[in-house]
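Visitor: what's the 3D shape of this:
(chains A and B)
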Amino acid sequence: MLERLEQIRKTAETGLKNLQNMKDVENFRIKYLGKKGELTQVLRGLSQIPENERPAVGKLANEIRDYLEEQLQIIEKKIKKEEEEKKLKKEFIDVTLPGRRPVVGKKHPITRVLDEIKEIFIGLGFGIAEGPEVELDYYNFEALNLPPEHPARDMQDSFYITDKVLLRTHTSPVQIRVMEKMAPKLPIRIIAPGRVFRRDDDATHSPMFHQVEGLLIDRKVTFADLKGTLQAFVLQMFGESVRMRLRPSYFPFTEPSAEVDISCIICGGNGCRTCSHSGWLEILGSGLVHPKVLEMGGYNPEEVSGYAFGMGIERIAMLKYGIDDLRILFENDFRFLSQI
Amino acid sequence: MLVSYNWLKEYVDININPEELAQRLTMVGLEVSSVNRFDKSLDKVVVGLIEDIKDHPYASKLSLCTVNVGDGQRLKIICGAPNIRVGQKVPVAIEGAVLPSGMVIKKVNIRQMESEGMICSAQELGLDANLLPEEQKQGIMEFPDDVPIGADVADVLNLNDAVLELDLTPNRSDCLSVISIAREVAAICGTELRLPVIEIKEDPNTNIGDLITVEIADDELCGRYVARIVDGIKIKPSPIWMQNRLRASGVRPINNIVDVTNYVMLEFGQPLHAFDYRFIKGKKIIVRRAEEGEKIVTLDGQERKLEPDMLVIADAEEAVAIAGVMGGRDSEILEDTSTVLIESANFNSTSIRRTSRKLGLRSESSLRFEKGVNIEGALIAADRAAQLMAQLGGGHIVKGVVDNYPRKWLPVNIELRPYKVNEFLGIELDPQVIKETLEKIGLTIKDREDGCFTVSVPPFRLDLEREIDLVEEVARLYGYDKIPSTIPSGDIGHIKKNRMQILEEKCKNILTACGLMEVITFSFTSPKVFDKLGLPQEHPLRNAVTLANPLSEETSILRTTLIPNLLEVAQRNTHRKVNNLRIFEIGRIFLPIEGQELPREETVIAGLIMGALEKGWNWESQKLDFFYLKGVLEELFEHLNVGDVVWEPTSDYPGMHPGKTAEIKAKGIYLGFIGEIHPSVIENFELPTQASVFQINFEALAQTSESVKMYRPLPKYPSAERDMAFIVSENIPAAEIEKAIREVGGKILKSCRIFDVYKGRQIPEGKRSLAFSLVYQAEDRTLTDEEVDALHERIKSEMVKRFSAQLR
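Guide: A predicted model of the protein is given here:
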């Protein structure tokens, strides 16, 4: 009997080497280990073997069975792996095909620039104020030290509704409205974004555009404070490498007044078409609040002082996105809006 | 204002080059927008004298000229210009010259005759022909007699000069004067200002009082009138130096008298006028308001109708000039003028401004008077003009001057506290430095015992009125770049963004997340959009704010709805072949209120979608229709926590499809509407497909949006799902059925979702099939099948009863 077992072991070992696929494995299992398998039959027939041989035969048969099972498992695992690899090799997708994108919109570039400016000034301790787009001449001009017949009214050609009512030409009237509401409380720290209107229409002027006004009123506010605030804004808005300069200018509602230039962000200040080869870009007007304006707003200029500034958003958006024709911002071409 | 660098140097030593000067001027507040130089070479172009002209033997239009070009050299030159004359001094390009056009001059044969050079026109020299007399624009350029023969034309024309173009702010109109600019330059360079020396040699045998009297009838409008008379003048071209300076300043030389008035105006900033004395009737100048219906022909040949609020200069009979704006043609300087009356006056700026506006007539003179002219400078300017006219015209100055000066200048004194200067600027300047800084620009300063200054403002600085004006002067001369940057101290404000601002931002975030693109359209629009929208004549939306002076009818009213703006955006896009759109705008509409000056400005949110989401390589296209847009709004309401929203069908909106429009309300408050655009409106806006829109009142939205949203515990027990479908009349709104299902279902019915709506085969006309998916769930136990089935059946039978539904 032992000889027979040895025989079985021998042929089984040869058989193991020839197993190619899962089917072979299954057949092999049936042949040796199945219910009617050779080894199973030996084990089943143990009772008919003489008693003295039984332990040795039993032991050997069990050994062979354990050995075969172990080998089968190893081979099975290997074949499974090979077969899976083969199968996965056949399955593939073209990963260069485009993805199924969720449909999302975008905010208008003007809104995005406005949002950025708001966040910067909120960080600097400013709140956000608003005012009407249809404004009284009083708020738009008179209270800002621009009485009727003032030559500086020529600087801004206005859309009138009546003699006393017009579309605001700048966001500066919000200064007066906020002061009237707050006086004599201190401090005032606001920015006022919004639409403004001037009677102009060409590649560099739109009859409607956006400004952000800034106003700070407190005790002992200085021109140096204005410079510091604007410097902080410029650094955050345009980056650490951008330089800023203040140039004396004239606005009826501020004094001293300053135009604020930044080194050209296109050419880095070396001179290019965008900066008309000057190396500088004018981005905002500013100054200390004129004493007459403080008075009009209900503050005593001997006790408080303040600064104000105003900037055009379109210009900043154009610089930021490299747009050379202002009008494209208001055409609302879907391709432009999706692209920017 | 154009100013010549070389001319400036007559009044001040300049130790920096023109580019650096431009930079420094800009940094003290006189912005130089450009520095212009003549950047072409005129080598071998010299002044020649035409000594002889003969006809070309073989060409009828050409002449043979003998031209003396100096050093005894005479060239034979063939010339075709119509304006050549013997005795003329002209620019001659000699052999070897290269003209700005690139043309090389050499000896050439023209119709068998040799030409040894070329007589040039201004264009050929690369000069601006607009600054030349009419006849020289067509033909060759001509020099005045005083230029030396053989001299380099570039030197003669002072072409090495640099011209600075100043963009002056309205407060610095005093710098419409070379001397005033020179004063600023002196302050920049730390050098002294040299004023021109004026010497008047009067003819002792004459007396101006015998020739003219001046009466100012309206001293409101004319504060001073100075007159001088120069006699025995010969009219001729001005010397080249004066012509060069005028040209550099952008002024066309005309003749010695007119040129002097312009020259002195540029030099001192005082506009002057020269009358031919012959034509002043009655030896009288009257400064008065124009009479009703009075007319005058001005120097430009135009007849002008005057009005009583306009100031004129009149003689005994009629107006001879519009004061400060333009002279009359009938008293202008002619070729045979010999006696000149010089006017140097000061007129009310507002009056000049209005007159100039009304007549649509602006001049170098009105430009200056509008902004204010130094009244104290009138006499000096008259003297300067008389001196130069006598000098250039060979005449003599009549003894005496008429100076009618009813509105004497009152000196302006301002108290200046040096510590205030430092307080405003955030610097620490020594009072002495402040004093010296202000003195540099001509201010006189007296020390006071209390350490403050009394500053006397000179009459040419009309813009300096109060202390802060002086602070600005100190700041700009000290240099803005030297002022430090500090961060403002003190409390910071309390408000950051208010609720509405936060909500608006949220709306934009949600709508863009839902696929809509933000647009920004103009606040003004055309009244025609109401017709295109099909609004009835009396519709309230037609009541719009109207602009008095619009750019065009297209932008003549303020919008009362955003819908037409979005339709126009759609139209513009479809013209560019973009037919699939998803857009929104948040902006204001303007609603006039009876009896109030300002309209009500309401913020609204509006959206438009059109076309479809395009099909992809493994996904289907999706229609951008009413329900897509409604879904966007449902999303918006969900995120803003707007509850109890109802969508009520309406046919009350003109411009909208009567069967596909809904009014939206939340908690009984009107929010706005949504719907498909009426097909005829689609046609009016030339759109290729239907479009759906909504408009929501932002304030109402804010009012219905709950800021607090509480968490609800997730269910602990399993749920059971059942479907039901039935056929009902299509006139019963789905929302009504859903409401009924929920009502019967009670607390245990967790959700009810429509998953199919079907009309067509097997469904009778006028009916539709609705299929609902219901989820049952209890919060405190696991529901049994029997329980769920019983409730489900009850709902079914209830629907059958309430809506005559037929179960499927």
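Visitor: contacts, neighbours, all on C-alpha from now
Guide: Fine.
Visitor: burial count for the closest residue to B:Ala390 other than its chain neighbours?
Guide: Closest residue to B:Ala390 apart from its sequence neighbours, by C-alpha to C-alpha, 6 or more residues apart in numbering or on different chains: B:His396 at 5.4 Å. B:His396 has 22 neighbouring residues, counting by other C-alpha atoms under 10 Å in any protein chain shown.
Visitor: same question for the one 4 residues further on.
Guide: Neighbour count for B:Gly400, taken as other C-alpha under 10 Å: 16.
Visitor: shouldn't B:Asn579 be in contact with B:Gly611?
Guide: Yes - using C-alpha atoms under 8 Å, B:Asn579 is in contact with B:Gly611, at 6.0 Å.
Visitor: which residues does the residue nearest to B:Ala390 bridge with?
Guide: B:His396 has the following beta-bridge partners by DSSP bridges: B:Asp231.
Visitor: and the stretch 151-300 of chain A, which of its residues are near chain B?
Guide: Counting by C-alpha under 8 Å from any C-alpha of the partner chain, the residues of the stretch 151-300 of chain A close to chain B are A:151-152, A:159-162, A:165, A:187-190, A:199, A:208, A:218, A:220-229, A:231, A:245-250, A:255-257, A:290-291.
Visitor: which of those residues fall within strands?
Guide: A:165, A:188-190, A:208, A:218, A:245-250, A:255-257 (DSSP state E).
Visitor: and the lowest mean pLDDT element among the helices and strands of chain B?
Guide: The helix or strand of chain B with the poorest confidence is helix B:134-138; it has a mean of 76 (mean pLDDT, DSSP states H and E).
Visitor: and B:Asn130, what does it touch?
Guide: For B:Asn130, the contact set (C-alpha atoms under 8 Å, 6 or more residues apart in numbering or on different chains) comprises B:137, B:252.
Visitor: rerun that using 10 Å as the cut-off
Guide: B:122-123, B:136-137, B:247, B:250-252 (C-alpha atoms under 10 Å, 6 or more residues apart in numbering or on different chains).
Visitor: which element follows the least confident helix or strand of chain B toward the C-terminus?
Guide: Next in sequence after helix B:134-138, counting helices and strands by DSSP states H and E, comes helix B:153-156.
Visitor: if we can go back for a sec, closest one to A:Ile49 out of the ones in strands among the residues of the stretch 151-300 of chain A next to chain B, please.
Guide: A:Ile190 (105.5 Å; C-alpha to C-alpha).
Visitor: what pairs with that closest one across the strands?
Guide: A:Gly127, A:Leu215.
Visitor: re the thing from before, farthest-separated two in the ones in strands among the residues of the stretch 151-300 of chain A next to chain B?
Guide: Across these (C-alpha to C-alpha), the longest gap, 36.3 Å, separates A:Val165 and A:Arg245.
Visitor: on that earlier part again, now do the shared contacts for B:Asn579 and B:Gly611.
Guide: Common contacts of B:Asn579 and B:Gly611 (C-alpha under 10 Å, 6+ apart): B:688-689.
Visitor: and of the contacts of B:Asn130, the nearest to B:Lys506?
Guide: Of all these, B:Lys506 sits closest to B:Gly250, with 56.8 Å by C-alpha to C-alpha.
Visitor: and that closest one, how far from chain A?
Guide: 22 Å (C-alpha to the nearest C-alpha, to the nearest Å).
Visitor: report pLDDT for that residue.
Guide: Per-residue pLDDT puts B:Gly250 at 93.
Visitor: cool, and B:Tyr58?
Guide: B:Tyr58 is assigned 88 on the pLDDT scale.
Visitor: same check, this time on A:Glu13
Guide: Looking at A:Glu13, its pLDDT reads 86.
Visitor: what number of residues lie near it?
Guide: There are 13 residues near A:Glu13, going by other C-alpha under 10 Å.
Visitor: that one sits in which helix or strand?
Guide: Using DSSP H and E, A:Glu13 falls in helix A:2-17.
Visitor: grab the CA positions of the helix or strand of chain A with the lowest mean pLDDT and hand them over as PDB.
Guide: Using mean pLDDT, DSSP H and E, helix A:38-44 stands out as the lowest-scoring helix or strand of chain A, at a mean of 81. This file holds the C-alpha atoms of helix A:38-44, laid out as PDB (Å, rounded to 0.1, in the frame of the first residue of the first chain):
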ATOM      1  CA  GLU A  38      -7.100   8.600  -5.700                       C
ATOM      2  CA  LEU A  39      -5.900   9.800  -2.400                       C
ATOM      3  CA  THR A  40      -9.300  10.100  -0.900                       C
ATOM      4  CA  GLN A  41     -10.000   6.500  -1.800                       C
ATOM      5  CA  VAL A  42      -6.900   5.400  -0.100                       C
ATOM      6  CA  LEU A  43      -7.900   7.200   3.000                       C
ATOM      7  CA  ARG A  44     -11.400   5.900   2.800                       C
END
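Visitor: can you pull the buried residues of it?
Guide: A:38-40, A:42-43 (16 or more other C-alpha atoms under 10 Å in any protein chain shown).
Visitor: so which of the residues you listed are also by chain B?
Guide: Near chain B, taking C-alpha under 10 Å from any C-alpha of the partner chain as the test, no member of the buried residues of helix A:38-44 is found.
Visitor: tell me the buried residues in stretch B:425-438?
Guide: B:425-427, B:431, B:434-435, B:437-438.
Visitor: all set, thanks.
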